[in-house]
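Visitor: please work out how this folds:
(one chain, ligands or ions: 1)
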Amino acid sequence: MSQGGPVPPSIEVDKLSVWYGSQRALAKVSLRIPAGHVLALIGPSGCGKTTFLRTLNRMVDRTPGVRIAGRVTIGSMDVLAPGLDLPALRRKVGMVFQSPNPFPFTIFDNVAYGPRIAGMTEPHALRLIVEKSLKQASLWDEVRGKLRRSALTLSGGQQQRLCIARALAVEPDVLLMDEPTAALDPVSTAKIEELIRVLRSRYTIVVVTHNLQQAARISDYTAFFAGGELIEVGPTRKMFTAPDDPRTEAYLTGRYEGYDGR
Ligand SMILES: Nc1ncnc2c1ncn2[C@@H]1O[C@H](COP(=O)(O)OP(=O)(O)OP(=O)(O)O)[C@@H](O)[C@H]1O
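Guide: Reported below is the predicted structural model:
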């Protein structure tokens, strides 16, 4: 989406439940992410953060035996509608994973991959979109002279920014990030966090993180999950200073393990 273009969509989730076989991973989760904001998902391991993220672009469908109930809308798109055009959904809802996963192609071809699949073949147009995406991902200055080199020659942090550029090249509205800095050193982590702050007005962003300081630094809203339930969601500043639920407070202060609910 270009600057000054249409406003990115909000995301509405209503009573979302997800089961893997007989095991319920999410239980009636409802929340709203306002357009152009960053939501951080936090919570103990296995609480359903990744499942929630993977439902937003229907990647969760790839797990055999999965069952989903509830309603998810992104802008005007009914994400859980049977027969939804999944490639179209995934163009609108880009995803970045924990470990950088560039294709074993050149830097240029990694970024051009999505636009080419979408039918863009004209070399000049491709060059423009590759340059724009790399600039948006704050990588252009480091790679401008070596676009024909293998993406695998880049550092881990550069590879992650390349993956962000690759996601941005198809002009999504929403970016999903699953622990995007978990595999990175502190300098690369700071660059990705800065990038998220820059991108947030143009995209609606959902980030899973185990790093509470990171959630506090980069997000406008935070959702705390535990045992597949959404315990609390609200403005990040409020959540970190005056959470409503004692379980949130216990988690934020490192006392959640063994917390007995009283
Ligand atoms: N493919 C799967 N098949 C069966 N159960 C699964 C599958 N993926 C996740 N689960 C279960 O669903 C629950 C939620 O998992 P999920 O990965 O969403 O949690 P998470 O909060 O992202 O965890 P983590 O922080 O460890 O990544 C867990 O109990 C997990 O064991």
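Visitor: quick one: contacts for the residue positioned nearest the centre of the chain?
Guide: Nearest to the mean C-alpha position of the chain, by Cα atoms, centre = their mean, lies residue 176 at 1.5 Å. By Cβ atoms under 8 Å, 6 or more residues apart in numbering, the contact set of residue 176 is 53, 56, 57, 93, 94, 95, 96, 205, 206. (C-beta placed from N, C-alpha, C; glycine too.)
Visitor: who's it bridged to?
Guide: When assigned by DSSP bridges, residue 176 has beta-bridge partners residue 95, residue 206.
Visitor: show me which of the contacts of residue 176 are buried.
Guide: Neighbour counting by 16 or more other Cβ atoms under 10 Å classes 53, 56, 57, 93, 94, 95, 96, 205, 206 among the contacts of residue 176 as buried.
Visitor: return the member of these nearest to residue 16.
Guide: residue 56 (9.5 Å; Cβ to Cβ).
Visitor: any idea of the pLDDT on the residue nearest to the centre of the chain?
Guide: pLDDT recorded at residue 176 is 97.
Visitor: where's it relative to residue 217, distance?
Guide: 19 Å (Cβ to Cβ, to the nearest Å).
Visitor: how about residue 200?
Guide: From residue 200 to residue 217 the distance is 12 Å (Cβ to Cβ).
Visitor: residue 68 against residue 52, yeah?
Guide: No - taking Cβ atoms under 8 Å as the definition, residue 68 is not a contact partner of residue 52, at 11.1 Å.
Visitor: compare those two (neighbour count), which wins?
Guide: When neighbours are counted by other Cβ atoms under 10 Å, residue 68 and residue 52 differ, and residue 52 comes out ahead with 27 against 17.
Visitor: spit out the contact partners of that one.
Guide: Residue 52 neighbours (Cβ under 8 Å, 6+ apart): 13, 16, 18, 26, 29, 41, 225.
Visitor: farthest pair in the residues you listed?
Guide: Maximum distance among these (Cβ to Cβ): 14.0 Å, for 18 and 41.
Visitor: ok, those two, which is more surrounded?
Guide: Neighbours around residue 18 and residue 41, counted as other Cβ under 10 Å, are more numerous at residue 41. The numbers are 28 against 23.
Visitor: thought that one was touching residue 210?
Guide: No - counting by Cβ under 8 Å, residue 41 does not reach residue 210; the two are 10.1 Å apart.
Visitor: tell me which helix or strand the residue of the stretch 51-200 of the chain found nearest the ligand sits in.
Guide: Closest to the ligand within the stretch 51-200 of the chain is residue 51: 3.3 Å, counting by Cβ to the nearest ligand atom. Of the helices and strands defined by DSSP states H and E, residue 51 is found in helix 49-56.
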